[in-house]
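Student: this one's structure only:
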């Protein structure tokens, strides 16, 4: 199992981005979470098979219909903890 820590910037809040990410992650059998950050970005930590994580990153670059993704920063790393399911964090 691999893990990615991603920050997505651009017009990614108020466009159903977290819901989009949750559906894509669940469809790829990935676990983790997604959350909005105070600076307007979206942060996600995702775990799963490397091939599925690569597909997930492609979805991050595209986003939902109303989103305008400017940048996706991805950090590959070893999992620090194990997540169960994929959740949206509301802050």
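Tutor: In hand now; what should we look at? Given the structure is predicted, the values throughout are model-derived calculations rather than measurements.
Student: can you map out the helices along the protein?
Tutor: 17-27, 50-62 (DSSP state H).
Student: take those and write them to a markdown table, including mean pLDDT and mean neighbour count.
Tutor: Where you see a C-beta, it was placed from the backbone N, CA and C, and this is true even at glycine. Shown next, in a markdown table, are the helices of the chain (pLDDT from 0 to 100; neighbours: other C-beta atoms under 10 Å):
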| stretch | mean pLDDT | mean neighbour count |
| --- | --- | --- |
| helix 17-27 | 98 | 19 |
| helix 50-62 | 98 | 15 |
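Student: now for those, which one comes closest to residue 44?
Tutor: Closest to residue 44 of the helices of the chain, according to C-beta to C-beta: helix 17-27, at 6.0 Å.
Student: coming back round to it: between the helices of the chain, which one is nearest to residue 89?
Tutor: helix 17-27 (8.5 Å).
Student: give me the contacts around that closest one.
Tutor: Helix 17-27 has contacts (C-beta atoms under 8 Å, 6 or more residues apart in numbering) with 8, 31-32, 34-36, 42, 44, 46, 56, 59-60, 63-64, 67, 85-88.
Student: what about the nearest residue to residue 60 once chain neighbours are set aside, distance to residue 6?
Tutor: Among residues not flanking residue 60 along the chain, residue 72 sits closest, at 4.8 Å (C-beta to C-beta, 6 or more residues apart in numbering). Distance, residue 72 to residue 6, by C-beta to C-beta, to the nearest Å: 6 Å.
Student: lovely, talk soon.
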